[in-house]
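K.L.:
when you get a sec, could you give me coordinates for this:
(chains A and B)
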Amino acid sequence: MLNILDNTVNPVEQFLRSDRMPHIWCPGCGIGTTVNSFAHALIESKIDLESLALVSGIGCTGRVAGYVKLDSFHTTHGRAIPFATGLKLANPKLNVVVYSGDGDLSAIGGNHLIHAARRNIDLKVICVNNLIYAMTGGQTAPTTPGHATTSTNPYGTFEPSFNLPHLVEAAGAVYVARWTTFHVRQLARSISEAFQKKGFSFIEVISPCPTLYQRRNKMGDGLDTMKYYKEKSKVRHGAPTSEVGLTLNGEIVVGKFVDRDRPDYQTMMRAQYVESLGERYIEEPETECVCG
Amino acid sequence: MKADPHGVLTGTHFLDGDHACCEGALAAGARFAAGYPITPSTEIVERFAARVPTVGGTFIQMEDELAASIALQGGVWGGAKAFTVTSGPGFSLMMEHIGYAAMTETPCVFVDVQRGGPSTGLPTLPAQADMMQARWGSHGDYEIIALCPNSPQECFDLTIKAFNFAEEFRVPVMFMMDEVVGHMTEKVVIPPADQIEVTPRKHTHKSVEEYLPYATNGDMVPEMAHAGDGYKFHITGLTHDEHGYPNMTPQTQDKLVRRLQNKIRSAADRICLFEEDRLDDADVVVVSYGITSRVAQRAIDAARDRGLRVGKLRLITAWPFPEKKIAELAAHVKAFVVPELNLGQMVHEVQRAADGKAKTFAVSHAGGGVHNPDEILNTIVEASRC
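P.N.:
All right, here's what the predicted structure looks like:
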């Protein structure tokens, strides 16, 4: 167990697969910072690590699954949420976290994102939004703000981008927050709060990609981005999500936007079966039918 | 182990193939399914959705086939036996996750009730034109197992077999029905649970310290753990080593991908199931599968009535292809006649396995109905003269 007085051990190390270090993320990348906050949330929330599973899709953030010392699944591009849905339904005792990037979750996986929110499946989604497809070299994502330069919009993007908190709130999420990688403590607190919620929780983390986004848009390095996040972020808890869209150089509204209660998928499912089937409803197999 | 009696509807029933398949899945221990509606397969999950809350399990209708085919794998790693069902257009969307199941060695069953294609094709009419897609549809080198029932009774019996193979080899198994078999209603006998053998999951008994997710210990099929068991394991679709960790070297790729192939190929004799009849004196062998095997039976009987020496080889296992059996027959028969509801798929495998030692005649049909037995008979006559 962790001795908090022992300053020779990094308190988050117990959550990491140190045998897989060094990681693949670039200098100045924010994904590692989000993992640090996630680890602190695990400490704060005292969540049982053996009942915690983490599911990622594909991309830079998709690699998180490979670095955390948990039951962890690196799935296919865009499909972390439906995989996590199956995992949670087959074993409702699990706490299931989906940890992936903006392209993975909102483009190729966008359909799954809105349907999981609609169903209110009890998943905690951490979406690291670096505003770009980073793993493949900096192409335009659905989150790329207007006028940003990308490898596939070399003259500037012109298609409107997704405002993810607005999207998931409309689809039904019970908890929606946004922070940047400058807000490490607030992010950890939000993740802890999401663990206390039952239902579909979505935390967006605005994160730099100095290699492909900041450099191409002449926004400096990782440190410059931290300064930008510090100066331009405005905490507005409860802000209407319709007003929190992102722009290239403008204000970043952060905070907890949505915290509401409605029954999650499995609660509704049980209630419906009990109502319709009465005693005929059997929630779990009465006999071991998988492992013998 | 024996089947969980809660899932077994023991008795004599009048069922269509789709419903019989569902009962087979329940008897095999499937307690999770994710689906997306598509004709002519939907009846399988409709029945599952009605039955499974009474035996302790879950059905979820997902937003598309991409979601269904990966949600079922989440279900497997959560500790359930799981499957999905679809038809051609949905099967196309599921290919990505057949690859994922092959790569991560996730035991699961994909039921494809085949209809006419390509594209939306003939939603309510039969074909057998997904046979090559079942084998080769996802990218990269991998092996799967595919079974082809030809009656509602076999839809029950072989669905259990499909789950058992999936567990034994930790491989996705393709259950290749067709619209006619799915929608025909016949007598189906479901035995008592204690007469149904089901293969348990190859769950590890190793300690957390000893367990390596992809260590094979000699028999090529690694042991599994489920999320929540305390092993804190990692699973990835990337090329991985024994730890389950990504490893991008040609050596790791070679070792992994060859094992994924060899675990099936080395057991092919045991996996390849077929039915044979009147092969002893045969000059011509009709090779067929699924509904076409029942049409072919009439042609074979008619040919025998005419004194032609024709025999039957019905493929129950389509993949791995029973090439050894075909090669043995090719050494002493004149020809193979291969009727199928496509413009030539498994016939190429027969030709490959015959290796020039016997001639091969296709009896193709683009789908939308079954063959006229006379077409098959005419080809048998032609083959007998060669």
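
K.L.:
residues from the stretch 151-292 of chain A in reach of chain B?
P.N.:
Contacts of the stretch 151-292 of chain A with chain B, taken as C-beta under 8 Å from any C-beta of the partner chain, map to A:269, A:273, A:277, A:280-292. C-betas here are computed from N, CA, C, even on glycine.

K.L.:
buried among the residues you listed? Make that a ChimeraX selection.
P.N.:
The buried residues among those can be selected in ChimeraX (16 or more other C-beta atoms under 10 Å in any protein chain shown) with this line:
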select /A:269,273,281,282,285,289,290
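
K.L.:
wasn't B:G344 part of a helix?
P.N.:
No: the assignment for B:G344 (DSSP: H, G, I helix; E, B strand; the rest coil) gives coil, which keeps it out of a helix.

K.L.:
any idea how far B:V338 is from it?
P.N.:
Distance of B:G344 to B:V338, computed by C-beta to C-beta, to the nearest Å: 8 Å.

K.L.:
what's the answer for A:D224, then?
P.N.:
For A:D224, the distance to B:V338 - C-beta to C-beta - is 68 Å.

K.L.:
of those two, who's got more company?
P.N.:
More neighbours surround B:V338 than the other of A:D224 and B:V338, with 29 against 14 (other C-beta atoms under 10 Å in any protein chain shown).

K.L.:
got a list of what that one touches?
P.N.:
B:V286, B:V287, B:S288, B:M346, B:V347, B:V350, B:T360, B:F361, B:A362, B:V363 (C-beta atoms under 8 Å, 6 or more residues apart in numbering or on different chains).

K.L.:
in terms of helices and strands, where is the nearest residue to the third one once chain neighbours are set aside?
P.N.:
This points to B:S288. Spatially, and ignoring its direct neighbours in sequence, B:S288 is nearest to B:A296 (4.3 Å; C-beta to C-beta, 6 or more residues apart in numbering or on different chains). Per DSSP states H and E, B:A296 falls inside helix B:291-305.

K.L.:
just the residues contacting that helix, thanks.
P.N.:
So helix B:291-305 is contacted by B:126, B:128, B:150-151, B:178, B:180-181, B:275, B:277-278, B:284, B:286, B:288, B:310-312, B:314-315, B:339-341, B:370-371, B:373-374, B:376-377, B:380-381, B:384 (C-beta under 8 Å, 6+ apart).

K.L.:
now do B:D374 against chain A, distance only.
P.N.:
47 Å (C-beta to the nearest C-beta, to the nearest Å).

K.L.:
nope, B:P152 is what I was after
P.N.:
Distance from B:P152 to chain A, by C-beta to the nearest C-beta: 23 Å.

K.L.:
quick check, that residue in contact with B:L15.
P.N.:
Yes: contact criterion C-beta atoms under 8 Å: B:P152 and B:L15 qualify, at 5.3 Å.

K.L.:
between these two, tell me which one has more neighbours.
P.N.:
Neighbour count, other C-beta under 10 Å: between B:P152 and B:L15, B:P152 has more, with 27 against 23.

K.L.:
which ones are touching that one?
P.N.:
B:L15, B:D16, B:G17, B:H19, B:A20, B:V181, B:M184, B:T185, B:E186, B:K187, B:V188.

K.L.:
so the first one, which of the three states?
P.N.:
If I follow you right, that is B:L15. Three-state assignment for B:L15 (three-state DSSP): strand.

K.L.:
now do the fourth one
P.N.:
At B:H19, secondary structure determined by three-state DSSP is helix.

K.L.:
sorry, back to before: so which of the contacts of helix B:291-305 belong to helices?
P.N.:
Under the assignment DSSP state H, those contribute B:V180, B:V181, B:P373, B:D374, B:I376, B:L377, B:I380, B:V381, B:S384 to helices.

K.L.:
ok so, going back, which residues are common contacts for B:P152 and B:L15?
P.N.:
Taking C-beta under 8 Å, 6+ apart as the criterion, B:P152 and B:L15 both touch B:T185, B:E186, B:V188.

K.L.:
go ahead and flag the most central residue of the chain.
P.N.:
Since no chain was named, I'll use chain A. Geometric centre of chain A, nearest residue: A:I126, 1.1 Å, by C-alpha atoms, centre = their mean.

K.L.:
not what I meant, chain B
P.N.:
Central residue of chain B (C-alpha atoms, centre = their mean): B:A146, at 2.6 Å.

K.L.:
hmm, back to that, tell me the phi and psi of the residue nearest to the centre of chain A?
P.N.:
phi -110, psi 110 (degrees, to the nearest 10).

K.L.:
list the contacts for it?
P.N.:
A:T34, A:F38, A:V97, A:V98, A:Y99, A:S100, A:I191, A:I203, A:V205.

K.L.:
go on, A:P210?
P.N.:
A:C26, A:P27, A:G28, A:C29, A:G220, A:D221, A:G222, A:T225.

K.L.:
also B:T360?
P.N.:
B:A335, B:F336, B:V338, B:V347, B:V350, B:Q351, B:A354.

K.L.:
among these, which pair sits farthest apart?
P.N.:
Greatest spatial distance in the contacts of B:T360: B:A335 and B:V347, 11.9 Å, computed using C-beta to C-beta.

K.L.:
tell me which of the two has more neighbours.
P.N.:
B:A335 (24 against 21).

K.L.:
the more buried one touches B:K359, doesn't it?
P.N.:
Yes: contact between B:A335 and B:K359 holds when scored by C-beta under 8 Å: they sit 4.2 Å apart.

K.L.:
overlap of the contact sets of those two?
P.N.:
B:A383, B:C386.

K.L.:
rounded mean pLDDT for stretch B:48-67, please.
P.N.:
Across stretch B:48-67, pLDDT averages out at 98.

K.L.:
if we can go back for a sec, and which of the contacts of B:V338 is nearest chain A?
P.N.:
Of all these, B:M346 has the smallest distance to chain A: 29.2 Å, by C-beta to the nearest C-beta.

K.L.:
could you pull up the residues touching that closest one?
P.N.:
By C-beta under 8 Å, 6+ apart, B:M346 lies in contact with B:M131, B:V287, B:Y289, B:L315, B:A318, B:F321, B:V338, B:E340.

K.L.:
again, 10 Å this time
P.N.:
B:128, B:131-132, B:135, B:148, B:287-289, B:292, B:315, B:318-319, B:321, B:338, B:340, B:362 (C-beta atoms under 10 Å, 6 or more residues apart in numbering or on different chains).

K.L.:
re the thing from before, now the buried members of the contacts of A:P210.
P.N.:
Buried among the contacts of A:P210 by 16+ other C-beta under 10 Å: A:C26, A:G28, A:C29, A:G220, A:G222, A:T225.
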